[in-house]
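**Student:** Give me coordinates for this.
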Amino acid sequence: MTDEAEKTISPAPPPAPRRARSVAGGLALLLSLVTLVGLGYVWYLLSYKAHIVGLDVTRSFQAQSQALIQLNTKIASLEQAQTTSRKAIADLARREASISTANHPGRHWRVRAAADLLLIANDQLRFQHNVPLALLALHQAQRELRRQGDPRLLPVRKSILQEILRLKALRRQHTSTMALDLVALAHSVRTLPLALPHAFPKKASPTVKSAPAPFWRRAVDGIWQDFRGLIRIRKEPVHERALLAPKRAYFARENLQIRLYGAQIALLEHRPALVAADLGAADRWIKRYFNVKARSTQAVVVKLQDLKRKSQTLKWPDISRSLHLLRRLSRAAS
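**Tutor:** Numbers count the residues shown, from 1 in each chain. Reported below is the predicted structural model:
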């Protein structure tokens with residue numbers, strides 16, 4: 001049994017030879033080299049791709065930076081264009097507002113100028129009594145309102161026209177009354193008597209019979225009498241009236257006529273203050289250089305006082321209706 005068992009047990013394989021061991025080691029070395037080469041190739045590929053990817057990222061960043069710069073430039077140009085458009089829109093809005101307000105009374109510069117002119121006309125007539133300047137201001141205000149061309153201002157223009165006609169009628173009334181009286185007084189000056197110098201009465205010296213005085217005494221008395229004749233002192237309740245020589249009469253009459261003609265011109269210009277001043281100067285001139293005891297001189301003085309009183313009591317028309325009407329329209333439009 002043991003023999004048969006021993007026969008059935010296979011013998012152990014023989015040991016591998018050395019050549020086979022060397023072949024296996026070479027193959028392992030070759031596989032390791034191939035692996036190293038593959039790893040190096042993979043590392044090379046990875047590093048190269050990373051470099052390529054880095055270049056692409058840099059280029060893309062630069063391209064994006066340039067695109068951003070161009071975008072900022074476009075944004076700046078668009079903002080500038082938007083600012084220009086806003087200015088143009090604002091300018092158009094102002095023009096539209098000026099065109100729209102041109103049709104509203106009280107908002108245009110011509111209407112304001114007309115209101116100022118009407119105020120000047122009222123002040124000149126009320127305080128200065130200067131009718132020519134008041135007429136000039138009314139005409140200018142009428143011209144400005146006519147250039148405005150607003151039909152709503154027609155009542156104001158109508159009122160201004162009535163005030164102009166009223167002032168012109170007042171002017172004709174003045175020229176037909178007081179101016180003629182002043183011309184007549186100026187012509188009558190040529191016949192007024194002047195205050196000419198006259199000889200003072202000499203006191204009669206009493207004749208006393210006495211013995212003849214010595215020569216030196218008579219000489220001293222004569223010198224003393226001549227000296228007393230050079231100076232004469234008198235007392236009067238009023239100021240001394242000037243005494244004119246006949247050669248000076250022409251200048252006295254001409255100066256008085258100049259005063260009267262000046263009062264006439266001031267009357268034609270509707271300046272009562274100047275009329276009163278010239279009439280007062282003429283009155284003082286007559287009382288100073290003319291004979292106030294004569295009837296003709298007294299008649300002239302009375303006429304001058306009458307004219308002076310009339311010039312101070314003149315009634316001036318009211319020209320404020322147009323100004324109030326224009327202000328009312330301006331307030332309603334605003």
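**Student:** So which other helices or strands are in contact with whichever strand or helix holds residue 138?
**Tutor:** Counting by DSSP states H and E, the element that carries residue 138 is helix 131-148. Of the remaining helices and strands, those touching helix 131-148 by 3 or more C-beta pairs under 8 Å, 6 or more residues apart in numbering; DSSP states H and E are helix 109-123, helix 154-188. Where C-beta positions appear, they are placed from N, C-alpha and C, glycine not excepted.
**Student:** again, only this time at 10 Å
**Tutor:** Where contact means 3 or more C-beta pairs under 10 Å, 6 or more residues apart in numbering; DSSP states H and E, helix 131-148 is packed against helix 109-123, helix 154-188, helix 321-333.
**Student:** And those, which one averages the lowest pLDDT?
**Tutor:** Sorting the helices and strands packed on helix 131-148 by mean pLDDT places helix 154-188 lowest, at a mean of 82.
**Student:** quick one: residue 180 and residue 264 touch, right?
**Tutor:** Yes: assessed by C-beta atoms under 10 Å, residue 180 is found in contact with residue 264 at 9.2 Å.
**Student:** More neighbours: which of these two?
**Tutor:** Shown here are residue 180 and residue 264; by other C-beta atoms under 10 Å, residue 264 has more neighbours (21 against 11).
**Student:** tell me which element that one falls in.
**Tutor:** Assigned by DSSP H and E, residue 264 falls within helix 249-268.
**Student:** can you give me the mean pLDDT across the following helix or strand past that helix?
**Tutor:** On the C-terminal side of helix 249-268, the nearest following helix or strand under DSSP H and E is helix 272-289. Mean pLDDT, computed over helix 272-289, is 87.
**Student:** Packing partners of helix 272-289?
**Tutor:** So helix 272-289, by 3+ C-beta pairs under 10 Å, 6+ apart, packs with helix 154-188, helix 249-268, helix 295-312.
**Student:** and the ones you listed, which is most packed in?
**Tutor:** Highest mean neighbour count of the helices and strands packed on helix 272-289: helix 249-268, a mean of 18 (counted as mean count of other C-beta atoms under 10 Å).
**Student:** now for that one, which elements pack on it?
**Tutor:** Against helix 249-268 (3+ C-beta pairs under 10 Å, 6+ apart) you get helix 154-188, helix 272-289, helix 295-312.
**Student:** Count the neighbours of residue 330 for me.
**Tutor:** By other C-beta under 10 Å, the residues close to residue 330 number 17.
**Student:** just checking, it touches residue 112?
**Tutor:** Yes: taking contacts as C-beta under 10 Å, residue 330 lies within contact range of residue 112: 8.3 Å.
**Student:** related to what we said a few turns ago, now the angle from the helix holding residue 264 to helix 295-312?
**Tutor:** Computed by axes from the mean of the first three to the mean of the last three C-alpha atoms, to 10 degrees, the angle separating helix 249-268 from helix 295-312 equals 20 degrees.
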